[in-house]
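Student: Next comes the sequence, and after it the predicted model I'd like to discuss.
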Amino acid sequence: MAAPRSCDLWRFCGRGWWRATGHCRLPGCRRSWPWATLGTRSLSQEKRAAETHFGFETVSEGEKGSKVYQVFENVAKKYDLMNDMMSLGIHRAWKDLLIRKMHPLPGTQLLDMAGGTGDIAFRFLSYVQAQHQRRQRRQLRTQQNLSWEEIAKKYQNEEDSLGGSLATVCDINREMLKVGKQKALDQGHTAGLAWVLGDAEELPFDDNSFDVYTIAFGIRNVTHIDQALQEAHRVLKPGGRFLCLEFGQVNDPLISRLYDLYSFQVIPVIGEVIAGDWKSYQYLVESIRKFPNQEDFKDMIEDAGFQRVTYENLTTGIVAIHSGFKL
Ligand SMILES: COc1cc(O)cc(C/C=C(\C)CC/C=C(\C)CC/C=C(\C)CC/C=C(\C)CC/C=C(\C)CC/C=C(\C)CC/C=C(\C)CC/C=C(\C)CC/C=C(\C)CCC=C(C)C)c1O
Ligand SMILES: C[S@@+](CC[C@H](N)C(=O)[O-])C[C@H]1O[C@@H](n2cnc3c(N)ncnc32)[C@H](O)[C@@H]1O
C-alpha cells in the first residue's frame, strides 16, 4: 500500500488513503469524511471546511459557484474579443497546440468541459475534418476508377467528413453556450457538435463515454477541483485521455515581474474599457495566482486516478498543458 504524501492530511478508509478534507479520492469510492457525520469537528473546523476562495477573497463554497456564474454571464458577449485583446491573439496559438497534442483521428468522441464559446470544439472539428479529407484523398488516389459524381459525393457530406466524430461542449453557463452556438453557425460548424448545460463536478454523462476530455481555462473556476478531476476520470473510456490547458506559474523571474505588472495594472483596465467590467478581470488575474503550480496540479491529476501524467509549459509557464490517461 502506497504511503500518503502528507500524513496529517490523509486518512485510511479501509480501501485506501484519502484526503481528510473531502471525499475519498480513489476511483469508484465516494465516501465522505466520517468525522463530519460523527459530529466531532469543532465549529471553526466546520467553517473552514466550507470556505474557499474567489480570487483573493474568502467566500463560502456556495457563494463561489454563483459568483463565478455571474462573472461569465457578464463577460459572455465580449469574451472572445477580450481574449484577443488581453493576449494579442496568443491564446489562439495555445489552443491550436492543445489540439495538435491531442491529434484526434476521425471517430474521436470529445468532451470539451467548461467549453464556453466553443473555441476548443471548433478547432477539434476542423482538425478532424482535415485528417478525414487527407485520408479520403489517399483512398481516392488508390481508387482511380471512381466517377466524378462519386468523388464529388465523398467531399459533400459534412457529417461524413468527420468520420463519426462528435464534440460535446459542456458548460455551466447558459450565456457562454448561447454565444458559442451563434459562433458555430457563423463559422459554419453545423455537424458533429452537441451543447450541454452541466457542472464539471457532477457530469450528466455515463461512465466510459468519451475518448478525450479537454478543459481549457475552466478548472481554475471550479469549486472542488478534485471532484471535477474524478468526474473526468469516470466519463473517459479506458485508454481515454485527459488534457487541460490552464494558467501556470512563470519560471523566469524577470518575465514573472513583467507578467505581474501586466496582469494587475493592464488586464483590469482592458476589462473595464472593452467589457465595462473591471471586477471580472480582477477576478481572472487573482484566480490565476491562486491556482496550484504545475507540479501540484500534476499530483492532483494523479490523485484522481490518471496515469502517465505529464505537462508542457507554454510561453515560459504562463500556461501549461497537462495530460493524463485512464488506463
Ligand atoms: C473572467 O475570466 C476570464 C475572462 C476571459 O476573457 C478569459 C479567461 C480565460 C483566459 C484566456 C482564454 C486567455 C487570456 C489571456 C491572458 C489573460 C493574457 C495572458 C498574457 C500574455 C500572453 C502576455 C504576458 C505578458 C508578459 C510576459 C509580460 C510582457 C508585458 C509587457 C510588455 C507589458 C508590461 C506592463 C506594464 C509595464 C504596465 C504598463 C504598460 C502599459 C499600460 C502598456 C500596455 C501594453 C499592452 C496592452 C501590450 C500587451 C503585451 C503583451 C500581450 C505581451 C505579449 C508578449 C509576450 C507573451 C512575451 C477568463 O478566465
Ligand atoms: C475562461 S472560460 C473558458 C472557455 C473555453 N474553454 C475557452 O477556452 O475559451 C471558463 C468557463 O468555465 C465555465 N465554468 C466555470 N465553472 C464551471 C463548472 N463548475 N462546470 C462547468 N463549467 C464551468 C464558465 O462558465 C466558463 O464558460
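Tutor: Structure's in. What do you need? Ligands and ions are numbered 1, 2, ... in the order given.

Student: In contact with the closest residue in space to A216 that isn't next to it in sequence, which residues?
Tutor: Nearest residue to A216, sequence neighbours excluded (CB to CB, 6 or more residues apart in numbering): L245, at 4.1 Å. C-beta: built from backbone N, CA, C; applies to glycine. For L245, the contact set (CB atoms under 8 Å, 6 or more residues apart in numbering) comprises 94-95, 98, 214-217, 319-321.

Student: can we see that at 6 Å?
Tutor: L245 is in contact with 98, 216, 321, counting by CB atoms under 6 Å, 6 or more residues apart in numbering.

Student: Just give me the closest of those residues to ligand 2.
Tutor: Checking these against ligand 2 by CB to the nearest ligand atom gives A216 as the nearest, at 3.5 Å.

Student: Report how many residues lie close to the closest one.
Tutor: By other CB atoms under 10 Å, the residues close to A216 number 23.

Student: Likewise for L261?
Tutor: Neighbours of L261 under the rule other CB under 10 Å: 10.

Student: Secondary structure element holding it?
Tutor: helix 253-261 (DSSP states H and E).

Student: Quick check: the closest residue to E201 other than its chain neighbours vs ligand 2, distance?
Tutor: For E201, ignoring the flanking residues on the chain, the nearest one in space by CB to CB, 6+ apart is Q227 at 4.5 Å. To ligand 2, Q227 is 9 Å away according to CB to the nearest ligand atom, to the nearest Å.

Student: wait, Q227 sits on E202?
Tutor: No. With contact defined as CB atoms under 6 Å, Q227 does not reach E202; the gap is 7.8 Å.

Student: separation between the residue nearest to E201 and ligand 1?
Tutor: Using CB to the nearest ligand atom, we find Q227 at a distance of 20 Å from ligand 1.

Student: which of Q227 and E202 has more neighbours?
Tutor: Taking neighbours as other CB under 10 Å, Q227 and E202 compare with Q227 leading, 19 against 10.

Student: Let me see the confidence value for that one.
Tutor: For Q227, the model assigns a pLDDT of 98.

Student: Which strand or helix spans it?
Tutor: Per DSSP H and E: Q227 is located in helix 225-235.

Student: Mind checking what helix or strand follows that helix in sequence?
Tutor: Counting by DSSP H and E, the next helix or strand C-terminal to helix 225-235 is strand 236-247.

Student: Would you list the strands that that following strand pairs with, along with their directions?
Tutor: strand 210-216 (parallel), strand 319-325 (antiparallel) (DSSP bridges).

Student: picking that back up, quick one: the helix holding Q227 to chain centroid distance?
Tutor: Centre-to-centre, helix 225-235 and its host chain are 11 Å apart (CA atoms, centre = their mean, to the nearest Å).
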